[in-house]
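Asks: fold the following and give me the result.
(8 chains)
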8 protein chains.
Amino acid sequence: MGMKKKPERIYSRPDLQRKKRRCFPEVVFGEGKEIAHLREVVQKIYAEEKEVLITRLSADRFSALHDMGIALDYDPVSRTAMAGGKRDVVGEVAVITAGTADVAVAEECMRTLAYFGIGAKSYYDVGVAGIHRLFDVLEAIRAADCAVVCAGMDGALPSVTAGLVDIPVIAVPTSVGYGASFQGMAALLSMLNSCAEGIAAVNIDNGFGAAYMAAQIVKAIYEKRK
Amino acid sequence: MGMKKKPERIYSRPDLQRKKRRCFPEVVFGEGKEIAHLREVVQKIYAEEKEVLITRLSADRFSALHDMGIALDYDPVSRTAMAGGKRDVVGEVAVITAGTADVAVAEECMRTLAYFGIGAKSYYDVGVAGIHRLFDVLEAIRAADCAVVCAGMDGALPSVTAGLVDIPVIAVPTSVGYGASFQGMAALLSMLNSCAEGIAAVNIDNGFGAAYMAAQIVKAIYEKRK
Amino acid sequence: MGMKKKPERIYSRPDLQRKKRRCFPEVVFGEGKEIAHLREVVQKIYAEEKEVLITRLSADRFSALHDMGIALDYDPVSRTAMAGGKRDVVGEVAVITAGTADVAVAEECMRTLAYFGIGAKSYYDVGVAGIHRLFDVLEAIRAADCAVVCAGMDGALPSVTAGLVDIPVIAVPTSVGYGASFQGMAALLSMLNSCAEGIAAVNIDNGFGAAYMAAQIVKAIYEKRK
Amino acid sequence: MGMKKKPERIYSRPDLQRKKRRCFPEVVFGEGKEIAHLREVVQKIYAEEKEVLITRLSADRFSALHDMGIALDYDPVSRTAMAGGKRDVVGEVAVITAGTADVAVAEECMRTLAYFGIGAKSYYDVGVAGIHRLFDVLEAIRAADCAVVCAGMDGALPSVTAGLVDIPVIAVPTSVGYGASFQGMAALLSMLNSCAEGIAAVNIDNGFGAAYMAAQIVKAIYEKRK
Amino acid sequence: MGMKKKPERIYSRPDLQRKKRRCFPEVVFGEGKEIAHLREVVQKIYAEEKEVLITRLSADRFSALHDMGIALDYDPVSRTAMAGGKRDVVGEVAVITAGTADVAVAEECMRTLAYFGIGAKSYYDVGVAGIHRLFDVLEAIRAADCAVVCAGMDGALPSVTAGLVDIPVIAVPTSVGYGASFQGMAALLSMLNSCAEGIAAVNIDNGFGAAYMAAQIVKAIYEKRK
Amino acid sequence: MGMKKKPERIYSRPDLQRKKRRCFPEVVFGEGKEIAHLREVVQKIYAEEKEVLITRLSADRFSALHDMGIALDYDPVSRTAMAGGKRDVVGEVAVITAGTADVAVAEECMRTLAYFGIGAKSYYDVGVAGIHRLFDVLEAIRAADCAVVCAGMDGALPSVTAGLVDIPVIAVPTSVGYGASFQGMAALLSMLNSCAEGIAAVNIDNGFGAAYMAAQIVKAIYEKRK
Amino acid sequence: MGMKKKPERIYSRPDLQRKKRRCFPEVVFGEGKEIAHLREVVQKIYAEEKEVLITRLSADRFSALHDMGIALDYDPVSRTAMAGGKRDVVGEVAVITAGTADVAVAEECMRTLAYFGIGAKSYYDVGVAGIHRLFDVLEAIRAADCAVVCAGMDGALPSVTAGLVDIPVIAVPTSVGYGASFQGMAALLSMLNSCAEGIAAVNIDNGFGAAYMAAQIVKAIYEKRK
Amino acid sequence: MGMKKKPERIYSRPDLQRKKRRCFPEVVFGEGKEIAHLREVVQKIYAEEKEVLITRLSADRFSALHDMGIALDYDPVSRTAMAGGKRDVVGEVAVITAGTADVAVAEECMRTLAYFGIGAKSYYDVGVAGIHRLFDVLEAIRAADCAVVCAGMDGALPSVTAGLVDIPVIAVPTSVGYGASFQGMAALLSMLNSCAEGIAAVNIDNGFGAAYMAAQIVKAIYEKRK
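Replies: Numbering: from 1, shown residues only, chains lettered A, B, ... in the order given. You can find the predicted model right below:
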């Protein structure tokens, strides 16, 4: 059949115009791709941009990237690897979690913000089962440009937070929970039906997407309108 | 075929032992039954118990019951009709709603508690979009024997409430909402995944079931153990 | 039982601190409440704020509000009624729809933005079945502060739009469609899984929620940081 | 990037006011957290409370906690570890299962009740396929303060039990089953739709949550009102 | 366009070989068809078979069939119309319901059995909330050739019944209930996951299908093997 | 507010390049749009193309279009209206239904094919309950260029048909059925999981979409490659 | 805590009256139970009945049962183990599969029938993608007392089979398939919505349950009525 | 029991008439079957046809087929093995993916087309996040006979593509994504609800099925009508 022997076939077309069009270079989704294809994508982007961020990258798959001559910094909690990404830091995003088990998703957000040059502070484990913990950090959150709130299980924290602040709230459902949490579906639905306004949601466990949305907001505040 | 002409057929078998076995007589579910069958059930129970409660009864269907010689008191908000039900009042249940649109479900709970002779106070429209409203009534809620918390949309209020009290919390999801609320499914899932403990849920819009559970708890406190 | 005769019962507790805490007064959700309760909420808010916005209000229910002495302006397309709401206009939101059937949701967004004093321009019926229509208005969209994109059916337009702009994109799934659209679920899932970043979603048909999120972003740009 | 090098970051905020507010100290959810974070939470709680309960803790993860200087008693069936928890025992909860495969969930309930100082007796494998087994233990169950009924598959046992007793019934769906049991969803739905009243449900496999609800009820009976 | 003017088009092809192949003539599903097409089907079958049964026929649609010269006997509870169907009666099916609201589905089963010439006895409103009612009629049920058990809500009755008899049990979930019953889905799942064996399920509200399955079983007992 | 008074707002942008790009002019989806907007779309297209097809148009909504000066031919079974559409007829599509209740969907397909100038023959009511009916017309179906197979309930007919022919099969699930058919979901899933190959599915009740796909195939055969 | 040290606790209550009440002894569900509990159940039943059948038993778990002194015959395809079960064989069940991948489920049925003393013949891999294979064996199937039809993917075979025979058809959806088969849900829904009658369904992959239902039917034919 | 010892049992009935009836020999689905049965099927087909294609074959299972004397060519990306399949190549299918992670599914399609003797060209990683990549290859795609478009996540690419071409588009949802992608369900629903026409969908990850549908179309163009 010989399909595999045709070396000229193109498996990836990184979007090298993205930085110009959308401010940040294409970020690599680390799951699902064949290892050879993953390496190809990372190399094409790094060659052009001199920086690269890879998300949802397991430690196993990261180990298959170590010999590419790119100084990737890997963080096992957030499962992200990055090289370059040096920028001046602007703005401040409050990254909040309901529980300690949501930290991995929040750290994906923190890492992405750092790569994008957006300032961020974390407020972890302040969920509604002990709501005084949220009030303890509320003034600090109000001082941020926008908030990213990660929660699994009942997904109640984004609603409660949004009711208390006047900054945009990006809600991130996490897959933390079991049984009728349906891998984060319960939290997602709760967030979409928030009785507090000024809130919008991203996909389950999508700390990266929340960071991107937050970065667009922060850049609008500090760069576009200056 | 003549099936309808056999008058000896039995369409209902009210459980006339229930009051003895479970403290309260059988309550009639007002939906779905043929009108003739509904009348038959109500009459059989009233004849034996001299009291009856009908739930989920539309105004239309209630009007088909007016000529039965039973002095039914109908409340269109809770869609309940009752006759008799005079008992000494015992205990105190806090019946709470997140919004004003949840009131119909809460009133089904209030009416059922009244029929069962259980004391109740209502705290309506104290949802998390303006959480200070909950704090305004928190001490009063803490003084109750148990709490029934009704919420649609994000269903966050039972979690927040349970985190603040040390009485049993019965969560009632309501079908208030639209879109991804899926007729109360979002609120139900949120409540089942509550990050606060000491909470259990009943069916969507089931104010009656919450009242029954609360009544069992109150009776255990005041009667069984005295 | 006399429950209805106790006039002192409280059915609504409008959050009169909200304007101070969150910039805008409480907006009234027009569905589900008893008419008497709806009137009570509207009156309490208008008495305090001298302005009020009611969403998801059918023409039938609006007609039950005409004798309250409040000069409500009702729009049947967006199903909103408002009084007051005079503010200086700031910023610019691009409100986009995939099809003409999505206009009702987009108009709910437009009306809410107008009430909040946020500038807005509409770009309707530019869906991906004829994608050149989007390119025709792309430069205008890029000049806005943020974009609200409403789409039913495949929900593809927010992804395509987000891939072309560097402003935050708020995605609004609509219930336009049939069969396997599951009343907007297909569009919602598509938006949550957008392969383009810088996008976050609100509930199905929630033009109001998108407007609120957009307003928070615009205010952050023009007011908070000035 | 150096994110991991900032040692001052806070990953957990145990709720050390919970014992005072809700009678019992915070219980640790053993899944999902990074091991380092899990150890941190357990240590913070134990340092303050001199007791700790960890639920949903796999044997693997338990082995990562053995060198913390806390004498944790681990039970592999219920997947719980605890230290301290000595209290006078009060009340009696009947913990019931439909089958032998539901025992792990029931034991999580039993262990939690023991930690909380609530008396409990178990009645296992009395499901409706051989309903005489339930009748054999019915009088003993009726003598308890409340019942926790665990069932997978059809989830029918809580309905049948509630119809026979006058104590509150807490229903626990389990993930026992296959195919259209959808990991306990079938049992959960069955319990939420119980035709018998005086019943409320917790999450699938949530033996811990059932124990907490039961503990709140028992304490209301024996302590609050005495 | 003229599509409607081509009279030779064929809209229905009743299966006139079915009586020979499957013992009973084709039964007409009364929903969804255009009235003209429904009339055509009924006439084609009656012309050939001199008998016809129509199921799921609303009173409105039945009124559109009165002038066809076929003496249809219409029953509004079961929503069935039939003509002919005279046969010797054989066997005995026990048709059981959990509640009175399930009677309409059970009557569709009873009517179909009558049309097919299968004996049947009804045992209605014997659900598990008062399980003694089932025991009252258990000996009579055990004497039947097979049982059809109709239940909505928790759908528990077929499991309990099957655990007590040694005849085949056909379970019919009904759409009786609300909220998380999801129009009978909860009952259906419960029945498919029955912990008792010797049970198989038909579609929600499918009293007709249960009757057909029962008829096949009864005929196998009395006719095929004699 | 004055939003409604700005007459210059654009509610529809018909894709007038579509005929050139995709062979057929834009077809109007008749549901959901405001009547005023629907009229606007129809007029814009007819003015340019001198032909128009409107699908999913209820008789009520059609009556609101009669005074537009366009000679619309309305068919209530398929709920389509069309004007113009005269073309030479090419090719042959076999349009098949499992039952008579599926005819409305099939007729939407037939009407769309007629508008597009594609030949079609119908084979209705040949479902698998009496599979000999399919064999009776099988040779005729095999002579077509492609087949469109409409089925509700179990959705089995497309699989069976595809196993017997060597032409492309377009499967159309219909919402015919009840209970666990979930408005056509059961049929859709069945078709997507067909054990026979050479089959692809469109949305539930989407006779129009099937016609479009068939038209693309027929045109490829007769026009593109000639 | 020492919970595990109380040896008197009862983890299983095998239903030793079942053979008398339901003709066959209790069958052991091999999944989910702790190994110690599984051994206990098997021993209690074998001690009383001198025969035992265990279903859904993985090879791993079977190996933990080899030292119990019971001569278990294990079959890895059907994942069943049995001892004893010698009975005179009566009747004939046709066990049919759509594909070769469905054989494991069908063999669970065959093994259970053998244990119960019911005759059976297998007709495997006769699915509708090549429907002539079904016709090849149709006469043999028609001669059986009832049919068990196992199918995954589209689940179409039971409908087609039922349309061709006059014996009861028990449909068994299997989890064979991928993607939108949702682990057998597609096949299950297809079977519940069968357009052919005389069919009832059991749970996904439930070959055992189908065998039990078939055994009840066969016994009714040959034993109860003789 | 000895069931396994009866060598005469038939576990597979390959459809050896399929090549004649449907142009291509039966293709073997590599999942789920027992290894012994899989070998049997492959051998029976190869013996008759001198060619065979096996899909969804893991590397592990492929290794169990190496000693059968059939020169199978295995490709680990597409998880297909084939022998023979030499045919003249006809036509051209454009095989398109949204991302690099969708390549495995697309390669299953490419390999199947190669086996069937259908020409194909691949256009990978041209998704809507950088839509200019699609425009870069659009003219090439338009020159094909039909298009197969594979996409996970939002599944938007088939809609966008179909809006730009006049060839039939076969949409293949892939399971690429996470969270609310629900293993490809989001992409599938998006494709079924495409606002662009001339599109039909196959099962999630079903590259083989798309190839088969494309082959039927190509053969109709080049062979049937020549």
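Asks: okay, now the unreliable bits of chain A?
Replies: A:1-7, A:224-226 (pLDDT under 70).
Asks: walk me through the domains of it.
Replies: For chain A, the TED database gives the domain ranges A:17-83, A:90-224.
Asks: whichever residue of chain A sits closest to chain E and chain B, how far apart?
Replies: Going by CB to the nearest CB, chain E is nearest to A:Ala180 of chain A, at 10.6 Å. From N, CA and C alone the C-beta is placed, and that goes for glycine too. From A:Ala180 across to chain B, the span is 4 Å (CB to the nearest CB, to the nearest Å).
Asks: quick check: that residue touching A:Ala186?
Replies: Yes. Under the criterion of CB atoms under 8 Å, A:Ala180 makes contact with A:Ala186 at 6.2 Å.
Asks: joint contacts of those two?
Replies: Common neighbours of A:Ala180 and A:Ala186 (criterion: CB atoms under 8 Å, 6 or more residues apart in numbering or on different chains): B:189, B:192-193.
Asks: out of those residues, which end up buried?
Replies: Buried by 16 or more other CB atoms under 10 Å in any protein chain shown: B:189, B:192-193, out of these.
Asks: also near chain D: which of the residues you listed, exactly?
Replies: Counting by CB under 8 Å from any CB of the partner chain, B:192-193 from these sit close to chain D.
Asks: F:Ala81: which of the shared contacts of A:Ala180 and A:Ala186 is nearest?
Replies: Closest approach to F:Ala81 among those (CB to CB): B:Leu189, at 43.1 Å.
Asks: number of residues surrounding the nearest residue to A:Leu72 once chain neighbours are set aside?
Replies: Spatial nearest neighbour of A:Leu72, chain neighbours left out: A:Ala81 (4.3 Å); criterion: CB to CB, 6 or more residues apart in numbering or on different chains. A:Ala81 has 23 neighbouring residues, counting by other CB atoms under 10 Å in any protein chain shown.
Asks: what about A:Ala81, which helix or strand?
Replies: strand A:80-83 (DSSP states H and E).
Asks: what pairs with that strand, parallel or antiparallel?
Replies: On the basis of DSSP bridges, the sheet neighbours of strand A:80-83 come out as strand A:52-55 (antiparallel), strand A:73-75 (antiparallel).
Asks: buried residues of stretch A:72-90, list them for me.
Replies: For stretch A:72-90, a neighbour-count test (16+ other CB under 10 Å) marks A:72-75, A:77-85, A:90 as buried.
Asks: same thing with stretch A:129-145?
Replies: Within stretch A:129-145, the residues scored as buried using 16+ other CB under 10 Å are A:129-131, A:133-134, A:137, A:141, A:144-145.
Asks: ok, so of these, who is nearest E:Ile35?
Replies: Closest to E:Ile35, out of all of the buried residues of stretch A:129-145 and judged by CB to CB, is A:Ala129, at 59.1 Å.
Asks: for the closest one, give its distance to D:Val27.
Replies: 10 Å (CB to CB, to the nearest Å).
Asks: now list whatever residues contact both of these two.
Replies: Shared contacts of A:Ala129 and D:Val27, defined by CB under 8 Å, 6+ apart, comprise B:Glu197.
Asks: and A:Ser194, what does it touch?
Replies: Under the criterion of CB under 8 Å, 6+ apart, the contact list for A:Ser194 reads A:158-159, A:162, A:171, B:153-154, C:209.
Asks: which pair in those spans the largest distance?
Replies: Across the contacts of A:Ser194, the longest distance by CB to CB is 13.6 Å; it joins A:Ala171 and B:Met153.
Asks: between these two, which has more neighbouring residues?
Replies: A count of neighbours by other CB under 10 Å puts B:Met153 above the other of A:Ala171 and B:Met153, at 34 against 29.
Asks: who in chain A is up against chain B?
Replies: A:98-99, A:127-131, A:152-156, A:159-160, A:162-164, A:177, A:179-182, A:185-187, A:189-197.
Asks: return the subset of those residues lying in helices.
Replies: A:159-160, A:162, A:185-187, A:189-192 (DSSP state H).
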